Each structure stands twice: as C-alpha cells, then as structure tokens.
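Trainee: Have a look at this prediction, sequence included:
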Amino acid sequence: MTEPEKYDAIVIGTGQGGKPLAGEFAKANWKTAIVEADQVGGSCVIAGCTPTKTMVASARVAHLARRGADYGVNVGEIWIDQKVVRERKRAIVDMFSNGSRRGLEKWETMDLIMGEARFTGPKEITVALNDGGQKVITSDKIFLNVGARPSIPPITGLDGVAFLDSTSIMELDEVPRHLVVMGGGYIGLEFGQMFRRFGAEVTIIDFLDNLLPREDPEFGEAVVAILNEDGIDLRLGTTVNEVTEAGNDIVVNVSDSSGESTITGSHLLVAAGRRSNADRLNLAATSVSTDARGFIPVNNKLETSQDGVWALGDVTGGPAFTHISYDDYRILAENLLRGGDCTTDGRDVPYVAYMDPQYGRVGLSEKEAREKGIEVRIAAMPMTHVARALEVDETRGLMKVVVAADSDQILGCAVLGIEGGEMMSMIQIAMMGDTPYTKLRHGIFAHPTFAEAFNNLFAKLE
C-alpha cells in the first residue's frame, strides 16, 4: 500500500477563506495541498454571491425598463430572454472560478487536488479523485473550509416533486409562469423579487408573521410594503403541510390562521436555510465534534475540538457571509505565519440583503441595544427625505442609526434604500475609526450625493 504523501498543511475547500489561506502557506514555502470537489471558488463564486448578484442586476434592468415612462423614456414591450440571463451568469462565474484556479496553480509549493476529501484518520485524508482513483495525504495542520448547502425540510411529498433550490433555480432557461417560494429569508426574498421582475407570478410563504425577524420591526414592515407594491403575494404566518404534483403544476397545501388552503404554481423554490457540509468529511475518523445542526464548533481562534484541525467559513455555523470567511483566513494567516494573537472576538459583522432597494446593516440595532440594557439615542429618516433619491426617483425605504447616549459614538446603522449597502459601509468606516457622529452631522459632502443625507439624518439626534 502506498505511503500517504506528507504536507505542511492541507486545506479542504477553495472558498473565500481556504483559497487565500492556501496561497499564504504556499508563499511561505509550506508544502500545501488544497482539495476541491467541484469548481474552484466555493459557494460564493459558484452558487452564491457572484451568480445571484449577476442575475439581480439583470432583474433590476428589467424593472427600470418597465419604469421608463416614469422618467419620460418610452420603450417597447419588455420581455426576458432567460437563456441570455443564464449565460451571462455562467460566463462571470467561469471567469471568476478560472481566475481563482490559475491563482492556485501558480505556486510551485502547492498541489491543487480535485476530488472528494474524507478523513481516514485523525490527520489523514483520502481523496476520491474526480478523474478516477484516490490519493492519500497527511498533515499535522488541516483546515476545513467546506461550507454549506441548501437544506431540505422534511415536508410530506416534497421528495416526490421536482422542486428547485438556490442553485438549480439559476439554471432555468425560461421564466416560470408562477414561482412559489418556500421561505421568506434573504435567499427567498432575493429570488422572489428577481423572478417577479423577470415576469413570473410569485408567491412567498413563510411560517413567521413578519419578515426580517432579526431586524428592527419597521424594516420588515417596509420590505413587506415594497414587495406588495412589486406585485408579490406574501403569505406570512403560513405553514406548509404537504406538496403534490398535479399535471405540470405543483400544489402546496398550507395552513394559516384562517385554515387550510392550496397554492398552485408551475415551479417551487425551497429556500429553507442551509445545512453543513461537514457530514461529507467522515469526521467519525477524528475527534472533531459537531453541534446539533451538524456544524463544526470552533473557539475564537478557529480551532476545532481536535488539535491541529481548524475550521473556517460557513461550516463553523457562524455568520454565513463571504467577508466573514475571508476574515477567518486573515486570522489564521496572521496567527500561524506571523506569530499573531488574532481572534474573532468583537469583530464587525456587516451584511447586505440584495433585494431592491438593498438592505445593509452593521453593529447594533435599536432592539439589540435595548435588550442589552444600553442607553441609546436613535435617529431615523425615510428615503423620501434624501434629495438624491428623489432626483433618481428611488425613494423606497428608510435609514436608521443607533448612537450611545453617554457619548457621540455610533453603535450601529441600518439602511434600506438605493445603494443601501454602500451607505451602510460609509457609516461602518466611521465606526471603525471611532469617529463621533458629529463629524458626519457637520461633514461637507458633495452635492448631490447619497452621502449628504447623513447631515440631515444625524441632525435628528440634536
């Protein structure tokens, strides 16, 4: 039997944490193996941020084209070539993935191994190679960046119908007649609004009574109003009981406060969260533990329960954002290569939901601050009070900031509005620099920009 090949480091997964981490190791002349079962790039590049935001952009163009008359621009009939939308998405994904692969292959001290990795010992990995055969590798330092995949809930009949998930829906070559979305989280809302703008009838079902339950309630209420205005049928406080097929249609049996009813659609998207890919690693061959949901718990230095094994990115069960995975890489690289003492403690977790308008948030919400017993001052303002938003006729949404009552420090902000993610990021930069809100209140911003709205927003604290 062939002896396992020894490496200084093994990285499993080429996501936004694993890929740059392996590159840092190779640059430091560590003999490094990085294993990938599918395309290089991880879920962000292959099935998450990159493809979805590419398609969101197409949907926004369709939305603006239909609104042309509002701006005095009269266009003809709007129709969607879904095959072109899909091919544009595929081309950008391939460009990003191929560029990432070339970035890995340039290192002489790195082996990119394409195949499915499984532990066959505490420090031994057997890779079932995509082109046949297997390769056994070993290292005293192993890093798990294997991510997550769509979760399928145990609903009666679901396994007997041809449903879509957040990956397969992007491969449709025609617009659904009626898309039923099971799940009102960020994924369900993005795809629901996207396909409504492509021309589908859309129904979104969620068991909660309100959208965006983690956020201050006025933002969930505003999103409901926006989606209703866009012509989306929202079924909140609704439980899915059973799914069946009727000819070419899918019938969803639901219950709400008024009793049972059915929703019939041409396509069903299941957007019910994500599950860990750790179950594919054969962790039983190790002492790496998982939690009740199957994710891998780590400490603040991303160490697992087994010495010499770290986990980073979505598989840890922490905030499932690309930028958090990338920050995990920075922590590990700094600690292992440069003698640092970095941790995940107290780091910012900004995020953006790419509905239109965007919802961006960082730091504490008012609800969170009050639950923690922190005395705060609040300023809020609708986007209808933003001159630039009025000029471009994009006034849906609102912005809100949370400021410490005993100082001028900004503790958090949320922006639902055009370029909400960018506006949130500007306030985040101020928070990172401990800039008091008065600097933004009295700052000179170019006119007319979205940024100058901060003058009026922060003036509401006085």
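Mentor: Noted; the coordinates are in hand. These numbers come from a predicted model, not from an experiment.
Trainee: contacts and neighbour counts: CA atoms only from here.
Mentor: OK.
Trainee: gap between the closest residue to Asn228 other than its chain neighbours and Leu398?
Mentor: Leaving aside its chain neighbours, Asn228 sits nearest to Leu234 (7.4 Å; criterion: CA to CA, 6 or more residues apart in numbering). With distances taken as CA to CA, to the nearest Å, Leu234 is found 21 Å from Leu398.
Trainee: Neighbour count for the two, which is higher?
Mentor: For Leu234 versus Leu398, neighbours defined as other CA atoms under 10 Å are more numerous around Leu398 (22 against 18).
Trainee: ok, and what's touching stretch 415-435?
Mentor: With contacts defined as CA atoms under 8 Å, 6 or more residues apart in numbering, stretch 415-435 is touched by 219, 350-352, 356-362, 383, 389, 394-400, 409-414, 436, 450-451.
Trainee: hmm, who's touching stretch 342-360?
Mentor: With CA under 8 Å, 6+ apart as the test, stretch 342-360 has contacts from 53, 56, 60, 186, 189-190, 193, 300-302, 319, 321, 324, 328, 331-332, 334-335, 361-363, 396-397, 414-425.
Trainee: and that stretch, how far apart are its ends?
Mentor: Criterion CA to CA; first-to-last residue distance in stretch 342-360 is 26 Å.
Trainee: Stretch 302-320 too?
Mentor: Start-to-end span of stretch 302-320 (CA to CA) is 15 Å.
Trainee: Okay, buried residues for it please.
Mentor: The neighbour-count check on stretch 302-320 (16 or more other CA atoms under 10 Å) flags 302-305, 309-317, 320 as buried.
Trainee: And the strands in the stretch 201-350 of the chain?
Mentor: In the stretch 201-350 of the chain, the strands defined using DSSP state E, counting those that start in this stretch lie at 201-205, 233-235, 239-246, 249-256, 259-265, 267-270, 274-276, 309-311.
Trainee: Can you tell me which of these is nearest to Pro4?
Mentor: strand 309-311 (17.9 Å; CA to CA).
Trainee: picking that back up, looking at the strands of the stretch 201-350 of the chain, which one is packed in the most?
Mentor: Sort the strands of the stretch 201-350 of the chain by mean neighbour count, taking mean count of other CA atoms under 10 Å, and strand 309-311 sits at the top with a mean of 26.
Trainee: Off-centre distance for it?
Mentor: Here the centre of strand 309-311 is set off from its chain's centre by 22 Å, with CA atoms, centre = their mean, to the nearest Å.
Trainee: ok, and what's touching it?
Mentor: 141-145, 288, 296, 298, 302-304.
Trainee: which of the residues you listed lies closest to Ala9?
Mentor: Lowest distance from Ala9 to the contacts of strand 309-311 (CA to CA) belongs to Lys141, with 5.0 Å.
Trainee: and Pro153, which of the strands of the stretch 201-350 of the chain is closest to it?
Mentor: Nearest to Pro153, of all the strands of the stretch 201-350 of the chain, is strand 267-270, at 8.5 Å by CA to CA.
Trainee: any idea of the mean pLDDT for that closest one?
Mentor: Average pLDDT, strand 267-270: 98.
Trainee: same question, stretch 369-386
Mentor: Mean predicted lDDT for stretch 369-386 stands at 97.
Trainee: quick one, helices of the stretch 251-400 of the chain?
Mentor: Under the criterion DSSP state H, counting those that start in this stretch, the stretch 251-400 of the chain contains helices at 322-338, 366-371, 387-391.
Trainee: Buried residues, the last one. List them.
Mentor: Put plainly, it is helix 387-391. Judged by neighbour count (16+ other CA under 10 Å), helix 387-391 contains these buried residues: 387-389.
Trainee: longest strand in the chain, by residue count?
Mentor: strand 110-121 (DSSP state E).
Trainee: Please save the CA atoms from the following helix or strand past that strand in CSV.
Mentor: As assigned by DSSP states H and E, the chain's next helix or strand after strand 110-121 is strand 124-129. Output of strand 124-129 as CSV, limited to C-alpha atoms (Å, rounded to 0.1, in the frame of the first residue of the first chain):
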residue,chain,number,x,y,z
GLU,A,124,-5.1,11.5,7.3
ILE,A,125,-7.2,12.5,4.3
THR,A,126,-8.2,10.2,1.4
VAL,A,127,-9.3,12.0,-1.7
ALA,A,128,-11.6,10.2,-4.2
LEU,A,129,-10.2,11.9,-7.3
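Trainee: Use 576 as the first number from now on
Mentor: OK, 576 is where the count begins now, so the last one is strand 699-704.
Trainee: Strand 699-704 packs against which elements?
Mentor: strand 685-696, strand 709-714 (3 or more CA pairs under 8 Å, 6 or more residues apart in numbering; DSSP states H and E).
Trainee: how far does it sit from the chain's center?
Mentor: Remark: strand 699-704 is offset 29 Å from the chain centroid, using CA atoms, centre = their mean.
Trainee: can you tell me the average pLDDT over that strand?
Mentor: Rounded mean pLDDT across strand 699-704 is 98.
Trainee: Direction included, what does that strand pair up with?
Mentor: Paired neighbours of strand 699-704 in the sheet (DSSP bridges): strand 685-696 (antiparallel), strand 709-714 (antiparallel).
Trainee: And the contacts of the next helix or strand after the last one?
Mentor: In other words, strand 709-714. Helices and strands here follow DSSP H and E; after strand 709-714, the next one along the chain is strand 717-719. With CA under 8 Å, 6+ apart as the contact definition, strand 717-719 has outside contacts at 584-588, 593, 698, 883-887, 890.
Trainee: Excluding chain neighbours, what is closest to Thr625?
Mentor: Spatial nearest neighbour of Thr625, chain neighbours left out: Cys619 (6.1 Å); criterion: CA to CA, 6+ apart.
Trainee: any idea how far the helix or strand where the one you found lies is from the chain center?
Mentor: Assigned by DSSP H and E, Cys619 falls within helix 617-621. Put simply, helix 617-621 sits 10 Å off its chain's centre (CA atoms, centre = their mean).
Trainee: packing partners for that helix?
Mentor: helix 624-641, helix 657-680.
Trainee: in the shortest one, what counts as buried?
Mentor: Yep, that's helix 624-641 we're talking about. For helix 624-641, the neighbour count (16+ other CA under 10 Å) marks 625-631, 633-635, 637-638, 640-641 as buried.
Trainee: can you check the longest one too?
Mentor: Taking 16+ other CA under 10 Å as the basis for neighbour counts, the residues of helix 657-680 that come out buried are 657, 660-661, 663-665, 667-669, 671-672, 675-676, 679.
Trainee: Name the nearest of those relative to Gly707.
Mentor: For the buried residues of helix 657-680, the minimum distance to Gly707 (CA to CA) is 20.2 Å, reached by Arg676.
Trainee: List the contacts of that closest one.
Mentor: Counting by CA under 8 Å, 6+ apart, Arg676 touches 615-616.
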